[in-house]
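A.B. asks: Starting from these lines, generate the structure:
(one chain, ligands or ions: 1)
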Amino acid sequence: MTTMVSIEPLAETCRGQVITEDHADYDAARAVHNGMIDKRPLAVVRCADAGDVIATVKFARESGLPLSVRGGGHSAPGFGTNDGGVVADLSPMRWVRVDARNQTARAGGGTTWGDFNHATYPYGLATTGGVVSTTGIAGLTLGGGIGYLARKYGLSCDNLISADVVTADGRTLVASEQENADLFWAIRGGGGNFGVVTSFEYKMHPVRDITAGIFFFPLDRGADVLKFYAEYVHTAPRELGLFPAFQVAPPLPFIAEKDHGRTFAAIIACWAGAPEQAESVFAPIRDVAPIVAEMVAPMPYFAINALFDALLPAGLQQYWKASYAVELNAGAIAAHLEHGAQSPTMNTAVHIYAINGAVHDVAPDATAFAYREANFATVIAGIWPDPADNERNIAWARGYYKALEPHSLSGGYVNFMGEDDGDKVRANYRQNYDRLVSIKREYDPENLFRMNQNINPRSVGGL
Ligand code: FAD
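C.D. replies: Sure thing, here's the model as predicted:
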């Protein structure tokens with residue numbers, strides 16, 4: 001790749017490493033979690049601090065080079081890297097400070113949920129985060145944030161108290177209810193469109209050890225599992241986070257060897273209420289159908305957030321689709337049974353997350369996260385090791401999504417969208433889209449932050 005832009009001035013300014021093509025770490029530095037993404041930026045800046053972030057933002061703006069911002073690097077479309085541009089990689093900015101007295105925690109923009117949950121556990125405090133420990137708090141929170149504690153405590157973004165944001169003009173602003181309230185509204189669901197968040201401050205809750213795990217049921221009882229879930233989600237106490245999945249059984253000791261590699265309907269559950277109530281809350285799940293295998297036990301909260309880690313190492317091929325639904329009707333259940341049963345690999349995640357309870361306590365226009373009436377957020381995360389399977393597995397995910405479409409709302413969760421879903425941004429924000437555009441015009445009129453589910457400042461209004 002040839003470019004007329006010299007990276008020297010940026011390298012001289014930054015404390016963190018500035019990695020270009022000639023560096024031994026270049027291939028590692030340009031890679032993101034999705035192994036299908038093979039992009040070659042001019043430079044990856046491993047930002048040591050907010051000063052490096054400001055320098056990188058200014059450099060990209062002045063040089064006219066594309067800018068990617070990377071937290072945990074988990075975006076399936078690979079927004080955390082680019083061809084020929086600059087990457088502000090915040091992964092060195094991994095730190096967490098807990099204020100136990102005020103039940104808050106502040107964390108750096110490159111922190112992962114594994115870092116965060118580990119650091120807050122000794123204080124007996126947690127907040128809603130993702131179900132995999134290696135995902136970044138940044139991208140996940142900015143897009144909304146779905147996890148086991150959402151029914152009780154809301155989305156991750158609902159627990160955001162404030163954020164330090166480096167804007168396109170290089171200023172650092174505090175975004176909170178009190179300061180820059182419009183920016184604060186926009187970053188709670190609007191993704192990385194408005195600036196680089198160098199630190200996040202969260203409301204924390206008294207959660208330390210939970211009872212949690214996974215139940216496997218025969219695939220041919222999948223209809224019973226989904227029908228049960230569609231109802232139980234409305235009556236189960238909010239302390240229960242749960243979702244069904246179609247899962248190819250991994251070779252784990254609690255699963256009979258003959259079942260390894262076979263597909264099952266599963267329910268993953270996390271009880272964050274009083275430990276002595278766990279059995280009665282799980283009893284209806286156990287009654288759904290004969291249990292093929294089960295691994296449910298008391299454990300630290302951070303452990304359930306690592307349940308899927310081994311299945312999702314960096315470097316696998318990924319293609320994702322996503323939708324929201326108010327109900328799991330007969331048509332949706334039929335589509336899930338037909339396509340979920342064909343889940344191509346052990347790594348693939350077909351999860352139907354419950355996003356009711358406290359998520360619905362927040363008004364649809366109170367934050368940028370628009371779909372507060374949805375009870376279910378489905379992700380069809382096709383994940384597989386061999387690039388030779390790309391065409392077949394992408395076709396599977398697309399076919400699955402198409403079959404669900406008539407039973408889904410018009411938009412989906414921005415953090416679960418695939419690389420070819422850029423045209424859905426308006427639908428994903430629906431009634432909040434126009435306000436997002438006007439805030440984008442104020443903070444990023446030139447669309448410097450465009451490597452994301454992009455809110456284009458030049459969009460014309462109306463739905
Ligand atoms: P990145 O690729 O680093 O960033 C994603 C987006 O956020 C990009 O547009 C980027 O520019 C922007 N961004 C990143 N850091 C910053 C920053 N500091 N300031 C401003 N913008 C920034 N989502 C859920 O809600 N719940 C889950 O349980 C969940 N599990 C997942 C598990 C896996 C294995 C994967 C791959 C994804 C999962 N997701 C989940 C989706 C996840 O929320 C998105 O992929 C999210 O974008 C990841 O954030 P990141 O910081 O890791 O990614």
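
A.B. asks: Show me the strands in the stretch 151-300 of the chain, by range?
C.D. replies: Counting by DSSP state E, counting those that start in this stretch, one finds strands in the stretch 151-300 of the chain at the ranges 160-166, 172-176, 196-203, 205-206, 209-217, 240-248, 263-271, 293-300.

A.B. asks: Nearest to the ligand, out of these?
C.D. replies: Relative to the ligand, the nearest member of these by CB to the nearest ligand atom is strand 196-203, separated by 3.8 Å. The way it works is simple: take the backbone N, C-alpha and C, and place the C-beta from them, glycine included.

A.B. asks: pLDDT on the closest one, on average?
C.D. replies: Strand 196-203 comes out with an average pLDDT of 98.

A.B. asks: Quick check: residues of this protein near the ligand?
C.D. replies: The chain comes close to the ligand at residues 32-33, 69-76, 79-80, 90, 109, 130-132, 135-136, 138-140, 142-147, 191-192, 196-197, 312, 415, 451-452, as judged by CB under 6 Å from any ligand atom.

A.B. asks: ok, back up a step: mind putting the strands of the stretch 151-300 of the chain into TSV with mean neighbour count?
C.D. replies: Output for the strands of the stretch 151-300 of the chain, formatted as TSV (neighbours: other CB atoms under 10 Å):
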stretch	mean neighbour count
strand 160-166	22
strand 172-176	17
strand 196-203	24
strand 205-206	14
strand 209-217	23
strand 240-248	24
strand 263-271	24
strand 293-300	16
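
A.B. asks: Could you grab the helix/strand/coil label for the residue nearest the centre of the chain?
C.D. replies: Centroid-nearest residue in the chain, with CA atoms, centre = their mean: residue 140, separated by 4.0 Å. Assigned with DSSP: H, G, I helix; E, B strand; the rest coil, residue 140 falls in the helix class.

A.B. asks: who's in contact with it?
C.D. replies: For residue 140, the contact set (CB atoms under 8 Å, 6 or more residues apart in numbering) comprises 72, 74, 113, 129, 130, 156, 415.

A.B. asks: In contact with residue 147, which residues?
C.D. replies: Going by CB under 8 Å, 6+ apart, residue 147 touches 128, 129, 130, 131, 156, 241, 305.

A.B. asks: again, only this time at 7 Å
C.D. replies: By CB atoms under 7 Å, 6 or more residues apart in numbering, residue 147 lies in contact with 128, 129, 130, 131, 156.

A.B. asks: okay, among those, which ones form the most distant pair?
C.D. replies: Of all pairs drawn from these, the greatest distance, 11.8 Å, lies between 131 and 156 (CB to CB).

A.B. asks: Looking at those two, which is more packed in?
C.D. replies: Counted by other CB atoms under 10 Å, residue 131 and residue 156 do not tie: residue 156 has more neighbours, with 26 against 23.

A.B. asks: Now that one. Nearest residue, chain neighbours left out?
C.D. replies: Nearest non-adjacent residue to residue 156, counting by CB to CB, 6 or more residues apart in numbering: residue 145, 2.4 Å away.

A.B. asks: Now do the buried residues in stretch 174-194.
C.D. replies: 175, 180, 183-194 (16 or more other CB atoms under 10 Å).

A.B. asks: Of those residues, just say which sits nearest to residue 295.
C.D. replies: Of the buried residues of stretch 174-194, the one sitting nearest to residue 295 (CB to CB) turns out to be residue 189, at 33.5 Å.

A.B. asks: Residue 82: neighbouring residues, count only.
C.D. replies: Residue 82: 21 surrounding residues under other CB under 10 Å.

A.B. asks: Where does residue 381 sit: helix, strand or coil?
C.D. replies: Assignment for residue 381 (three-state DSSP): strand.

A.B. asks: surely it meets residue 352?
C.D. replies: No - assessed by CB atoms under 7 Å, residue 381 is found out of contact with residue 352, at 11.9 Å.

A.B. asks: These two: which has the busier surroundings?
C.D. replies: residue 352 (26 against 19).

A.B. asks: Give the bridge partners for the more buried one, please.
C.D. replies: Judged by DSSP bridges, the bridge partners of residue 352 are residue 378.

A.B. asks: And it, how close does it get to the ligand?
C.D. replies: 13 Å (CB to the nearest ligand atom, to the nearest Å).

A.B. asks: One more: residue 219?
C.D. replies: From residue 219 to the ligand the distance is 23 Å (CB to the nearest ligand atom).

A.B. asks: That residue contacts residue 266, doesn't it?
C.D. replies: No - counting by CB under 7 Å, residue 219 sits too far from residue 266 to count as a contact (9.9 Å).

A.B. asks: mind checking how far stretch 87-97 is from the chain centre?
C.D. replies: Counting by CA atoms, centre = their mean, to the nearest Å, stretch 87-97 is centred 17 Å from the centre of its parent chain.

A.B. asks: Out of the contacts of residue 140, which comes closest to residue 262?
C.D. replies: For those, the nearest to residue 262 is residue 130 (27.0 Å; CB to CB).

A.B. asks: Quick check: the residue of the stretch 201-350 of the chain nearest the ligand.
C.D. replies: The ligand sits closest to residue 312 of the stretch 201-350 of the chain, with a gap of 4.3 Å, by CB to the nearest ligand atom.

A.B. asks: mind listing what the closest residue to the ligand within the stretch 151-300 of the chain touches?
C.D. replies: Nearest to the ligand, among the residues of the stretch 151-300 of the chain, is residue 192, at 2.7 Å (CB to the nearest ligand atom). By CB under 7 Å, 6+ apart, the residues touching residue 192 are 69, 139, 142, 449, 452.

A.B. asks: ok, now residue 183?
C.D. replies: Counting by CB under 7 Å, 6+ apart, residue 183 touches 165, 173, 175, 194, 439, 443.

A.B. asks: cool, residue 127 as well?
C.D. replies: 149, 153, 156, 159, 202, 203, 204, 205.

A.B. asks: mind checking how far the fifth one is from residue 287?
C.D. replies: With distances taken as CB to CB, to the nearest Å, residue 202 is found 36 Å from residue 287.

A.B. asks: Also the last one?
C.D. replies: Distance of residue 205 to residue 287, computed by CB to CB: 30 Å.

A.B. asks: now swap in the second one and tell me
C.D. replies: With distances taken as CB to CB, residue 153 is found 28 Å from residue 287.

A.B. asks: Compare the two and say which is more crowded by neighbours.
C.D. replies: More crowded of residue 153 and residue 287, by other CB under 10 Å: residue 153, with 25 against 10.

A.B. asks: burial count for the closest residue to residue 419 other than its chain neighbours?
C.D. replies: Leaving aside its sequence neighbours, residue 419 sits nearest to residue 77 (CB to CB, 6+ apart; 3.7 Å). Close neighbours of residue 77, defined as other CB under 10 Å, add up to 21.

A.B. asks: Equivalent analysis for residue 437, please.
C.D. replies: Using other CB under 10 Å, residue 437 is surrounded by 20 other residues.

A.B. asks: Is it correct that it is in contact with residue 458?
C.D. replies: No - applying CB under 7 Å, one finds residue 437 not in contact with residue 458, separated by 8.6 Å.

A.B. asks: Pretty sure residue 40 sits against residue 30.
C.D. replies: Yes - between residue 40 and residue 30 there is a contact at 6.1 Å, judged by CB under 7 Å.
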